[in-house]
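Colleague: need coordinates for the following:
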Amino acid sequence: MGLILATQFSAFLTGLIMGTCLLGLGIFIGFWPNRAGHPLTGGSRAESNRTLEVLAHLCKWTDRFATDVSQYRDTVDRFAARCAEFDKENPTLKNTSLTTLLTQVVEANNSVQERLEAAESKLLNHSHEIAASMEAARIDPVTGLPNRRSCDDELQERFDSASRFDSALSILLFDIDHFKSFNDAYGHLAGDAILRQVAGRFKLPLSATDFVGRFGGEEFVILLSDHGHNTATAIAREVCEAVAETSLHYDKQAFTVTISGGVSSRRPDESLADLLKRADAALYAAKDAGRNCTWQHNGDNLTPAASPATRLSVISSVPTPVPCLDAPIEQPMEMAVNS
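Modeller: Numbering: from 1, shown residues only. Sure, this is the predicted structure:
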């Protein structure tokens with residue numbers, strides 16, 4: 001009788017512990033994503049990483065807990081089998097009540113195991129959904145490039161690393177020339193199409209360790225680590241030339257647009273704000289100089305990185321090579337963009 005009571009108490013205590021853990025897990029699964037959903041999509045990279053770490057630790061804990069429950073079930077199953085054999089060998093002892101009790105414990109454990117596995121699966125699904133949401137929140141939906149928040153985080157991380165190890169860091173800012181006039185003339189859908197195609201040209205001269213993102217509106221940023229100022233300036237010129245030499249298409253029309261660029265490189269004991277301010281000043285100098293060129297700020301002076309190329313115009317009504325083979329060909333019309 002004492003053995004039966006001890007087994008009953010053990011089963012009750014185990015069920016209570018498992019039930020409490022499952023209840024807490026259920027509350028977390030149901031409450032955390034809703035509570036954290038909005039901050040996550042707008043949070044910094046550090047906050048996002050901390051959230052994912054919490055979910056990862058919880059998933060590991062759930063997996064370990066499921067393993068413990070499984071081992072406990074195996075132990076009880078073996079004990080129940082031995083009790084059943086004992087009952088068969090000693091029918092006169094009438095210990096069938098012990099076998100019945102252990103059978104009930106096994107069934108209860110099976111139910112707990114199923115509920116725990118369902119909770120673990122739900123937790124993993126929530127983790128994947130949250131990770132996908134955080135990733136989407138850091139990407140510009142128009143160009144597919146990292147958005148302003150991602151650019152700010154990347155810039156801060158690279159600046160901190162460059163300051164710590166006294167390594168090179170260059171900021172290249174670019175702005176599409178006369179983009180507002182283009183939007184007014186052709187509409188925002190055409191503007192979005194041009195933004196996407198220009199963004200694709202930014203990636204061409206860059207290596208895997210370089211960073212390019214949409215800084216806002218028609219402005220883009222490239223971050224170069226471990227490149228000297230002269231190399232950064234050369235890359236900026238190459239980007240400007242790549243965009244100017246590319247025919248961009250929208251709605252059976254081909255357009256040629258230009259960009260202006262500004263370059264600055266980190267100096268010892270300089271703040272991030274000052275570095276960014278110099279790149280911005282160089283960009284405005286390029287625009288004041290007539291656009292379609294790159295200027296640099298070396299910390300003391302603003303100087304052109306290259307002579308302005310011949311001003312290009314917007315060409316409209318030119319059929320694209322493949323989608324518009326059957327479209328009527330109209331005479332090209334030049335439209336000035338100096339506004």
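
Colleague: where along the stretch 51-200 of the chain do the strands fall?
Modeller: Using DSSP state E, counting those that start in this stretch, the strands assigned to the stretch 51-200 of the chain run over residues 169-176.

Colleague: all helices of it, in order?
Modeller: Using DSSP state H, counting those that start in this stretch, the helices of the stretch 51-200 of the chain run over residues 96-136, 148-165, 179-186, 188-202.

Colleague: summarise which helices and strands the first one is packed against.
Modeller: Contact here means 3 or more C-beta pairs under 8 Å, 6 or more residues apart in numbering; DSSP states H and E; on that basis helix 96-136 packs against helix 2-42, helix 45-89. From N, CA and C alone the C-beta is placed, and that goes for glycine too.

Colleague: any idea which of the ones you listed scores lowest on pLDDT?
Modeller: Looking at the helices and strands packed on helix 96-136, the lowest mean pLDDT belongs to helix 2-42 (a mean of 49).

Colleague: looking at the helices of the stretch 51-200 of the chain, which one has the lowest mean pLDDT?
Modeller: helix 96-136 - the lowest mean pLDDT of those, at a mean of 71.

Colleague: can you list the domains in the protein?
Modeller: The chain breaks down into these domains under automatic domain parsing: 2-136, 148-335.

Colleague: okay if I get the helices of the stretch 51-200 of the chain as TSV plus distance to Arg237 and mean neighbour count?
Modeller: Formatted as TSV, those follow (distance: least, C-beta to C-beta, whole Å; neighbours: other C-beta atoms under 10 Å):
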stretch	distance to Arg237	mean neighbour count
helix 96-136	33	15
helix 148-165	22	16
helix 179-186	20	16
helix 188-202	13	18
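
Colleague: tabulate the ones you listed in CSV, adding columns for distance to Ile222.
Modeller: Output for these, formatted as CSV (distance: least, C-beta to C-beta, whole Å):
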stretch, distance to Ile222
helix 96-136, 21
helix 148-165, 10
helix 179-186, 18
helix 188-202, 7
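
Colleague: between those, which one is nearest to Leu283?
Modeller: helix 179-186 (13.6 Å; C-beta to C-beta).

Colleague: so the closest one versus strand 169-176, what angle?
Modeller: On the basis of axes from the mean of the first three to the mean of the last three C-alpha atoms, to 10 degrees, helix 179-186 is oriented at 30 degrees to strand 169-176.

Colleague: still on that earlier bit, out of the helices of the stretch 51-200 of the chain, flag the one nearest Ala289.
Modeller: helix 179-186 (17.8 Å).

Colleague: so what does the closest one touch, helix or strand wise?
Modeller: Using 3+ C-beta pairs under 8 Å, 6+ apart: helix 179-186 touches helix 188-202.

Colleague: what angle separates the helix it packs on from strand 169-176?
Modeller: 150 degrees.

Colleague: hmm, who's touching helix 188-202?
Modeller: 142-145, 174, 176, 179, 182-183, 212, 214, 218, 220, 222, 239, 242-243, 246, 248-251, 255, 257, 259 (C-beta atoms under 8 Å, 6 or more residues apart in numbering).

Colleague: what subset of those is buried?
Modeller: The neighbour count (16 or more other C-beta atoms under 10 Å) marks 143, 145, 174, 176, 179, 182-183, 212, 214, 218, 220, 222, 239, 242-243, 246, 248-250, 255, 257, 259 as buried among the contacts of helix 188-202.

Colleague: Asp74: which of the helices of the stretch 51-200 of the chain is closest?
Modeller: Of all those, helix 96-136 comes closest under C-beta to C-beta, at 9.8 Å.

Colleague: now that closest one against helix 148-165, angle please.
Modeller: Going by the same axes, to 10 degrees, helix 96-136 makes 90 degrees with helix 148-165.

Colleague: out of the helices of the stretch 51-200 of the chain, nearest to Arg291?
Modeller: helix 179-186 (11.0 Å).
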